[in-house]
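Participant: coordinates for the following, if possible.
(one chain, ligands or ions: 1)
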Amino acid sequence: MKKINYSQVDFDTMVIHASQKPDPSTGALSTPIFQTSTFVFDNVEQGAARFAKEEAGYVYSRGGNPTTAQLEEKMAVIEGGQACVAAASGMGAIGSTLVSLLKSGDHIICGDTIYGGTSVLMHQGLPEMGIEVSFVDTTDLDKVRAAIKSTTKIIYFETPTNPTMKVTDIKGCADIAHEHNLLLVVDNTFAPPPIQYPLKLGADICIHSVTKYINGHGDVIGGVVVGPQDIIDKIRGLGITKVCGTPPSPFNSWLVLRGLKTLGMRVRTHCENALELANFLENHEYVAKVFYPGLASHPQHKICKNQMNGLFGGMLSFELKEGINGKSAFEAGKILLNNLAICSIAVSLGDADTLIEHPASMTHASVDTEERISVGITDGLIRVSVGLENAKDIIEDLKQGFKEL
Ligand SMILES: Cc1ncc(COP(=O)(O)O)c(C=O)c1O
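Facilitator: Next comes the predicted model:
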């Protein structure tokens, strides 16, 4: 068979075909699940050659597995990177990357609004290993520049951020990073291709929690790291295989490969539904503010238009007004969520199902109230991962929920 030139085909064609090869022993189109921990060598000499990396081939599934290898190859093509390594979770991907690339005495600049698990790693895990972390509002490039020290090795952020949807200029940060010989690492979980391509905008490493849009069906926990071959080899050899020991199971890799075939269609529908919902919410009498990169009212809408390829993502948040029918915004948020039928009260994101959460009483309940409010997570803030149901039904669900306030 001839080879497909991925740069010449549409995204939807590429995600189906990239890395896919019929199984050589059976011709099976669907990638087999190589549910094995170890691989048998023909003889001792072959085993020795594999260990010495003089011969290509598998040894043990913590270091590499054929099903997972297909996922890695596909994700490298999708993000436009040289190589990829998969992990058992998004946190496995992030942790393995940072422990592989940083050592005691190094400094990392981290976006000031990041996922809770990453926040624990940055606030506790890394400092306890002697790695200094500065938290910076990366939407302000002057602040990023000002935070660089002689020991800085990495700039790390998420864009858009959770749950306030702040957006950082990836290309602007990449230019600063490279002027100072630093690596730029972007967590692209919230805006996967075909929305946003960090590596094409100059980032060195792109990370996903594939738990979210990449798998898309809410039935896997997983992660990937995409970047240059030498860096990915280091993260695989040290972080994933040895220090953290966090490869994915072959079955989870297979589920993600299956989910990926519809990535383009799913993502476009998530984005269309989110924009419709954002427009509805922006005009609702009980809503004080909507945070969605696709709205003209978003402070970085102009950057989003280019950086997010006009798609803007499936995540949004909105703030309820204080005093709706005499209720506090905190109370109103709880009542609204308890009166929904289609939107499920749950954390996580990127699933076919619409997921809704109230950060003040759930994900951020343990955060000091003043600190929570200072980063924009107010009592009446609601976060929605807009699903693939018909947008009209999602909007109707919220409309009837608002009637209970
Ligand atoms: C932006 C972001 N990065 C990383 C993670 C961690 O991923 P996982 O739950 O797969 O470990 C999450 C989880 O919600 C996330 O939202």
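
Participant: which residues of the chain fall in strands?
Facilitator: Counting by DSSP state E, one finds strands in the chain at the ranges 83-87, 107-111, 132-136, 152-158, 183-187, 205-209, 223-227, 287-291, 315-320, 344-345, 355-357, 381-385.

Participant: and of those, who's closest to F251?
Facilitator: Smallest distance to F251 across those (CB to CB): 12.6 Å, for strand 83-87. Using the backbone N, CA and C atoms, a C-beta is placed for each residue, glycine as well.

Participant: and stretch 95-107, average pLDDT?
Facilitator: The average pLDDT within stretch 95-107 is 98.

Participant: contacting residues for R50?
Facilitator: 41, 57-59 (CB atoms under 8 Å, 6 or more residues apart in numbering).

Participant: just the buried ones from those, in PyMOL syntax?
Facilitator: Written as a PyMOL command, the selection of buried residues from the contacts of R50, which uses 16 or more other CB atoms under 10 Å, is:
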select buried, resi 41+58
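
Participant: looking at the contacts of R50, which is nearest C244?
Facilitator: Taking CB to CB as the measure, V59 is the one of the contacts of R50 closest to C244, at 18.2 Å.

Participant: from the stretch 101-250 of the chain, which residue is nearest to the ligand?
Facilitator: With distances taken as CB to the nearest ligand atom, the stretch 101-250 of the chain approaches the ligand most closely at S209, which sits 3.0 Å away.

Participant: in the stretch 1-150 of the chain, which residue sits nearest the ligand?
Facilitator: Counting by CB to the nearest ligand atom, the stretch 1-150 of the chain gets nearest the ligand through G90, at 2.3 Å.

Participant: just give me the neighbour total for that residue.
Facilitator: 24 (other CB atoms under 10 Å).

Participant: check contacts around the closest residue to it other than its chain neighbours.
Facilitator: Ranked by CB to CB, 6 or more residues apart in numbering and with sequence neighbours excluded, the top spatial neighbour of G90 is S209, at 2.5 Å. For S209, the contacting residues are 89-91, 93, 115, 187, 189, 222-223, by CB under 8 Å, 6+ apart.

Participant: let's see that with 6 Å instead.
Facilitator: Taking CB atoms under 6 Å, 6 or more residues apart in numbering as the definition of contact, the neighbours of S209 are 90, 189, 223.

Participant: so which of these comes closest to L320?
Facilitator: The closest of those to L320 turns out to be T189 (CB to CB; 26.0 Å).

Participant: partner residues bridging V133?
Facilitator: On the basis of DSSP bridges, V133 is bridged to I108.

Participant: so it touches H107, yeah?
Facilitator: No: V133 is not in contact with H107 according to CB atoms under 6 Å; the separation is 7.6 Å.

Participant: overlap of the contact sets of these two?
Facilitator: Between them, V133 and H107 share no neighbouring residue, with contact defined by CB under 6 Å, 6+ apart.

Participant: so which residues on the stretch 1-150 of the chain come close to the ligand?
Facilitator: If contact is defined as CB under 6 Å from any ligand atom, the residues of the stretch 1-150 of the chain in contact with the ligand are 89-91, 115, 117-118.

Participant: spatially central, which residue of the chain would that be?
Facilitator: For the chain, the residue nearest the mean C-alpha position is T189 (1.4 Å; CA atoms, centre = their mean).

Participant: hang on, that one packs against V210?
Facilitator: No: here T189 does not reach V210: they are 8.4 Å apart, not a contact under CB under 6 Å.

Participant: looking at the protein, which helix or strand is least sure?
Facilitator: Using mean pLDDT, DSSP states H and E, helix 369-374 stands out as the lowest-scoring helix or strand of the chain, at a mean of 83.

Participant: restrict that helix to CA atoms and write it as PDB.
Facilitator: Taking only C-alpha atoms (Å, rounded to 0.1, in the frame of the first residue of the first chain), the coordinates of helix 369-374 have been written out as PDB:
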ATOM      1  CA  THR A 369     -12.500  32.000  50.300                       C
ATOM      2  CA  GLU A 370     -10.500  35.200  49.900                       C
ATOM      3  CA  GLU A 371      -7.800  33.400  47.800                       C
ATOM      4  CA  ARG A 372     -10.500  31.700  45.700                       C
ATOM      5  CA  ILE A 373     -12.400  34.900  45.000                       C
ATOM      6  CA  SER A 374      -9.100  36.800  44.200                       C
END
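
Participant: quick one: that helix to chain centroid distance?
Facilitator: With CA atoms, centre = their mean, to the nearest Å as the basis, helix 369-374 stands 25 Å off its chain's centre.
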